[in-house]
Structure formats: structure tokens, C-alpha cells
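Novice: Any chance you can model this:
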Amino acid sequence: MENEELIEYERPKQTRVIFAGLLDFLLATLVCLCLFIGTKYVTENTSTYKTNLEEFNTLKLNSKIFIYSEDDKRIEDIVTFYNRSTKYSQSEIEKDLAERINYFISFVGENSSEKTKIEVQKNYDDFRLDPELNKNGLSYFIKDENGNIIKNVESNLAIKEYVENVYKVYIDEFCQAQFIAKIPTSLNLQKYFANCLLFIEIPIAVVLGVIVYFYIVPLIIFRGRKTLGRLAFNIGMVNKDCLNPNFWLFSLNFTLFLFEIVLSAVSFLIPMVISFSMEIFSKRKQNFHNYMTNIQYIDTNKAKIYRSKDEILLDRMKEKSTINFRNK
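Specialist: Numbering: from 1, shown residues only. You can find the predicted model right below:
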């Protein structure tokens, strides 16, 4: 590449460009992660979020399948609580879990509908009578002459068997799912938290991270508009005149790059794949945003990037002056 025969550059090897890109990706991801932590902290300290979280925690405790752990000062599901606790006997755990499941079924009815309560009760009954819940061919539960479900005393199964294979399994695999799916308030609150994560915390962290790393940093390392990755691998950016891209051109280039990222987020990364393919396979080795702004990467190992033609001439005059001085 030439600029009125005053200066020429070489393109960097493609492997260096790829490695610089990978380093940039890792560092940008780290920046986005730090910003995500900050964004999440701000979101979770808003009054709306706190109110919804308090309502959700109250709903959890009222369902009886969650418990507040005094040791850890947090709410956790009852199965996890008993799995790490050594203070209770198996008979105490069995009785408590059985009561909690029955209470939970009533809780579903109170917070949803009687029809939903009947569905959950049937699910619990079917689970206890499921043939797959047999142990050595013997059922854990059977129906008595009145149609009530009772423990099968003939099976001689230990209390621990009932705790581990019936009550804990049902709470883990069914009650917790029903808590979200069968209770409208719980479902709406979960949607709120998910929307905060997907449409507020992650997007803000990613956009700010990209701006900080791919826009602010190159504005600071202004000669060659280098990121830390391109700085490490001695790769710079030049415009069509082989000069340092000015603020407006670089800003346009970054805006197109940011547009690629946003569009990729909603279209299965297709724009990013196309842009990367252009950089690998095109003759001029330019991705989409560089192609649109006519910016190219150059090797800065042995060449300096100039801001203007006047700077080139001034630099050459200094070189000649130094040479003449040495000759004298």
C-alpha cells in the first residue's frame, strides 16, 4: 500500500490478526463480565426489584418446600437443607417432608385454582403408586380398602428408603417445577427476573463492555486505533490514504461494528459469521465494517502510522537533517 510514494505498509499475517482477535475477545469478555456484575448490582438494588424479590421469597417460604437457613442466612429448598443437616433423624425428616408435600398441594390450590390442586394431588398419588417406584418387586405404597394411599408395611423398607426415594425425589423433581408452573404469581415473578437478566443486565453489560474495550481503548491508543490485542501483535488501522483514521471515521467504523454485534444477537450470529468470512477469504482481508469505511490492518513492527501527510514530510525532514548532521 502506498501514499504518493511517501510511505508504504505491509499487511500483517492473517494468523497474527486471528490471534489478536482472540486476545481481544478474551479481554473484552472480562470487561463485560465486570460490567455485568456492576449492572446486576445496580438492578438488584432498585426498589421494584427489591419488592418483587421480597414477594418471591415470601411465596417460597409460604409454599413450605423452601426454608430459611439460619446458618447461611439464606432461603434454600428443603431437600438441600436436609441433605447437609445432621441434626434430624430419618423419622423426623420423613414426617416433615410428607407434611410439607401435603401442605404444598393445598398451597397450590389457594394460589391457583381447585382444579390445579386436584391435578397436583393426582400427580402425587400416581407418583407414589408408580410401579417403577418398587424396591425388589415390592411397592412403597398401596391402596387400602377405602382407597386411601398408605405405606406398604409388608415391604419392610427402611424409613431412609422412603425419605431418599420418595419424598426428596418428589419435591426435587415435581414440587419445585409445579411451584413455578402452577402458581401464576410465581411464574410472573420468574419472568420478571428473567427479563431483567436477558433484556437489561446482559445487554447493558455487553454494549458498555464493547464500547469501553473496542472504542474507548483505541481512542486512547490513538495512533493506529489499537485495541490491547492489536497492540500486543503490532497491528494498526489506516484509512484509504494510509493515514491514521480520524475520530469521525473511526467512530463510524465502530458504530458499524456495534451494529453487527446487536444484529448478531437477534439473528443467530449470522452477521458476525459473514463479517469474519469476509476478513478471512476476501482479497483485501477486510471484515464488513472495515470494508464499508475502507480501513485496513497494517503491520506496525517496522512502520509508523502517521496522522497526516504533513507529519510524514516533517518526519522525513528530521531524518534527512539527522543524516546531514552525522555526515558533517
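Novice: Which parts of the chain are strands?
Specialist: 66-69, 74-77, 141-143, 149-151, 235-238, 296-299 (DSSP state E).
Novice: Just the residues contacting the third one, thanks.
Specialist: In this case it means strand 141-143. Here strand 141-143 makes contact (C-beta atoms under 8 Å, 6 or more residues apart in numbering) with 128, 129, 133, 149, 150, 151, 152, 166. C-beta: built from backbone N, CA, C; applies to glycine.
Novice: mean confidence for it?
Specialist: Average pLDDT, strand 141-143: 93.
Novice: Parallel or antiparallel, list what pairs with that strand.
Specialist: The pairing partners recorded for strand 141-143 under DSSP bridges are strand 149-151 (antiparallel).
Novice: who's in contact with the strand it pairs with?
Specialist: Contacts for strand 149-151 (C-beta under 8 Å, 6+ apart): 125, 128, 129, 140, 141, 142, 143, 144, 162.
Novice: Let's see that with 6 Å instead.
Specialist: Residues outside strand 149-151 that contact it (C-beta atoms under 6 Å, 6 or more residues apart in numbering): 125, 128, 141, 143, 144.
Novice: Going through the contacts of strand 141-143, which ones are buried?
Specialist: For the contacts of strand 141-143, a burial check counting by 16 or more other C-beta atoms under 10 Å picks out 128, 151, 152, 166.
Novice: Please parse the chain into its domains.
Specialist: If you go by automatic domain parsing, the domain ranges for the chain are 14-41+200-327, 46-182.
Novice: Including distance to residue 190, could these go into TSV?
Specialist: Formatted as TSV, the domains of the chain follow (distance: least, C-beta to C-beta, whole Å):
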stretch	distance to residue 190
domain 14-41+200-327	15
domain 46-182	6
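Novice: what two of the buried ones among the contacts of strand 141-143 have the greatest distance between them?
Specialist: Spanning the widest gap among the buried ones among the contacts of strand 141-143 are 152 and 166, at 11.4 Å by C-beta to C-beta.
Novice: related to what we said a few turns ago, least confident pick among the contacts of strand 141-143?
Specialist: Here the lowest pLDDT out of the contacts of strand 141-143 sits on residue 133, with 82.
Novice: tell me the contacts of that residue?
Specialist: Neighbours of residue 133 in contact, by C-beta under 6 Å, 6+ apart: residue 140.
Novice: again, only this time at 8 Å
Specialist: 127, 139, 140, 141, 165, 166.
Novice: buried ones in stretch 202-216?
Specialist: For stretch 202-216, using 16+ other C-beta under 10 Å, the buried residues are 202, 204, 205, 206, 207, 208, 209, 210, 213, 214, 215.
Novice: quick one: low-confidence ranges for the chain?
Specialist: Across the chain, the ranges flagged by pLDDT under 70 are 1-6, 136, 320-328.
Novice: which stretches of the stretch 101-250 of the chain form helices?
Specialist: Counting by DSSP state H, counting those that start in this stretch, the stretch 101-250 of the chain has helices at residues 114-129, 159-162, 168-170, 176-181, 184-196, 202-211, 217-220, 228-232, 247-265.
Novice: correct me, but residue 28 touches residue 210?
Specialist: Yes: contact criterion C-beta atoms under 8 Å: residue 28 and residue 210 qualify, at 6.7 Å.
Novice: and for residue 152 and residue 166, which residues touch both?
Specialist: Shared contacts of residue 152 and residue 166, counting by C-beta under 8 Å, 6+ apart, come down to 140, 141.
Novice: Would you point to the one among the strands of the chain that's packed deepest?
Specialist: With neighbours taken as mean count of other C-beta atoms under 10 Å, the strands of the chain reach their highest mean count in strand 235-238, at a mean of 24.
Novice: Name the nearest of the contacts of strand 149-151 relative to residue 319.
Specialist: Nearest to residue 319 among the contacts of strand 149-151 is residue 128, at 90.2 Å by C-beta to C-beta.
Novice: Could you check how far the spatially closest residue to that closest one that is not a sequence neighbour is from residue 169?
Specialist: Counting by C-beta to C-beta, 6 or more residues apart in numbering, residue 128 lies nearest to residue 141, which is 4.3 Å off, once chain neighbours are set aside. Separation of residue 141 from residue 169 (C-beta to C-beta, to the nearest Å): 13 Å.
Novice: what's the answer for residue 184, then?
Specialist: Per C-beta to C-beta, residue 184 is found 26 Å from residue 169.
Novice: Residue 307 is in contact with residue 238, correct?
Specialist: No: between residue 238 and residue 307 there is no contact under C-beta under 8 Å: 10.6 Å.
Novice: what is in contact with the two at once?
Specialist: Common neighbours of residue 238 and residue 307 (C-beta under 8 Å, 6+ apart) are residue 244.
Novice: Can you list the neighbours in contact with stretch 284-295?
Specialist: Contact with stretch 284-295 is made by 11, 14, 17, 237-240, 245, 249, 252-254, 256-257, 260, 271, 274-276, 278-279, 282, 296-297, as judged by C-beta under 8 Å, 6+ apart.
Novice: Endpoints of it, how far apart?
Specialist: 10 Å (C-alpha to C-alpha, to the nearest Å).
Novice: So which bits of it are buried?
Specialist: Applying 16+ other C-beta under 10 Å to stretch 284-295 flags 285, 286, 287, 288, 289, 290, 291, 293, 295 as buried.
Novice: Many thanks, we can stop here.
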